[in-house]
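Peer 1: show me the folded form of this:
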Amino acid sequence: MKAVTWQGKRKISVETVPDPKIEEPTDAIVRITSTAICGSDLHLYELFGPFLDAGDILGHEPMGVVVEVGADVTGLAVGDRVVVPFNIACGHCFMCRSGLQSQCETTQVREYDSGAALFGYTKLYGQVPGGQAELLRVPLAEYNTVRVGTDLPDERYLFLSDILPTAWQGVEFAQVPEGGTLAVMGLGPVGQFAARIGVHRGYRVLAIDPVPERRAMAERHGVDTFDLADDVIDRLRDLTDGRGADAVVEAVGLEAHGNPGTKFAQQAVGLLPDAIAQKVMDTAGMDRLAALHSAIDLARRGGTVSISGVYAGDADLMPMKTLFDKQISLRMGQCNVKRWTDTLLPLVEDDADPLGVMDLVTHTVSLDEAPTLYETFQKKDDGCIKVVLKP
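Peer 2: Next comes the predicted model:
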């Protein structure tokens, strides 16, 4: 089969690799019909090389059709159309039963003291072959698939794999009061959906992003948007009676604009031997925190900052005095996809498309074009906001 593989920093190639096979009786094989490039995939493209091997198959936002099932799979059949959540969970351990599927005790990657295994996302999360491929082996397949209908296009369902539940969880964690104000830092795919979910729930939504195309897309869905100017936090505070937003969803993460010193450090890590780089990334302050610090600044006293952006360092400097003095609540973490599926499925199937899932994709290309689109997406060229690959 063909698959998108990591070959080095900013080096992606499509290779012919062996087809996946049933390895456990609870496995299934899915023929992929659509698979997306996630914003967090760009962290692999740029930064996470020390935790990747050349040839690793990328991708964690796939859907398709079941073509084979293991002997113990009874709730899934060949021909079923399914979405595959990005985290791999068992569904029956303490964490899964608590709605914390991203912390699944059955698939936790204990070698790196990480949570549940993820598709296509480094040794830190199990080095499981990903879904930017023609075929995907799905472990514990009955729980790690979402069966969907056959009438609607893939794009109605595809984002249930990651970015839509990630945004939903981000807004849930934000604990916005009824009729309150939600600010969103970053209008990439997760930020787009977080902002739209806020509008859907009746909040006033204010969003910040430096890219005009992203702001224009959000404005189509009732979001008030602002460029990333030096005075933007002051402007938004003025719009909220001088207090700041009731809650902020930070949807940017470790490669935010700003902090050139940390940017240099991120680049320098890529020059180190993997074993040393892994240790540095695990223990040093490796994250560019401009977006997170701005989110803390923008939240009102007693407000909440909900972090959906990916972070990697364990020694990042945080403004603890400000957090304590302002009584800021922090919520964060990998999305627990299956926790939100039943809520989101009716919304993506609604004829009115209330969350605008059909107004997100800007580039649909073949699998062979993935290397070019990784670069386009990272550079935010050609109005690129969301890429879907068609194997």
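Peer 1: would you map the helices across the stretch 251-391 of the chain?
Peer 2: With helices called from DSSP state H, counting those that start in this stretch, the stretch 251-391 of the chain shows them at 260-269, 274-283, 290-298, 320-326, 337-349, 370-379.
Peer 1: kindly report the same for the stretch 101-250 of the chain.
Peer 2: 154-157, 163-174, 189-200, 212-219, 232-238.
Peer 1: now the ones you listed as CSV including distance to residue 20 and mean pLDDT?
Peer 2: Where C-beta positions appear, they are placed from N, C-alpha and C, glycine not excepted. Formatted as CSV, the helices of the stretch 101-250 of the chain follow (distance: least, C-beta to C-beta, whole Å; pLDDT from 0 to 100):
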stretch, distance to residue 20, mean pLDDT
helix 154-157, 20, 98
helix 163-174, 24, 98
helix 189-200, 27, 98
helix 212-219, 35, 98
helix 232-238, 47, 95
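Peer 1: thinking residue 106 is in contact with residue 89, fair?
Peer 2: Yes: the pair residue 106 / residue 89 is scored as a contact, 7.3 Å apart, by C-beta atoms under 8 Å.
Peer 1: list residues touching both of these two?
Peer 2: 96, 140 (C-beta atoms under 8 Å, 6 or more residues apart in numbering).
Peer 1: between these two, which is the more surrounded one?
Peer 2: residue 89 (28 against 17; other C-beta atoms under 10 Å).
Peer 1: which residues touch the more buried one?
Peer 2: For residue 89, the contacting residues are 95-96, 101-102, 104, 106-107, 116, 140, 143-144, 338, by C-beta under 8 Å, 6+ apart.
Peer 1: how close does it get to residue 118?
Peer 2: As for residue 89, its distance to residue 118 is 10 Å (criterion: C-beta to C-beta, to the nearest Å).
Peer 1: can you select the buried ones among the contacts of residue 89 for me in PyMOL?
Peer 2: Burial among the contacts of residue 89 is assessed by 16 or more other C-beta atoms under 10 Å; the matching PyMOL selection reads:
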select buried, resi 95+96+101+102+104+106+107+116+140+143+144+338
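Peer 1: between the contacts of residue 89, which is closest to residue 126?
Peer 2: Lowest distance from residue 126 to these (C-beta to C-beta) belongs to residue 107, with 7.0 Å.
Peer 1: find the nearest non-adjacent residue to the closest one, please.
Peer 2: Once flanking residues are discounted, residue 107 sits nearest to residue 117: 4.3 Å by C-beta to C-beta, 6 or more residues apart in numbering.
Peer 1: check residue 381 too.
Peer 2: Distance criterion C-beta to C-beta, 6+ apart; nearest residue to residue 381, sequence neighbours excluded, is residue 375 at 7.9 Å.
Peer 1: likewise residue 210?
Peer 2: Excluding its sequence neighbours, the residue lying closest to residue 210 (C-beta to C-beta, 6+ apart) is residue 228, at 3.9 Å.
Peer 1: contacts only, for residue 232.
Peer 2: If you count contacts by C-beta under 8 Å, 6+ apart, residue 232 has them with 208, 226.
Peer 1: make that residue 306, sorry
Peer 2: Contacts of residue 306 by C-beta under 8 Å, 6+ apart are 170-171, 173-175, 247-250, 330-332.
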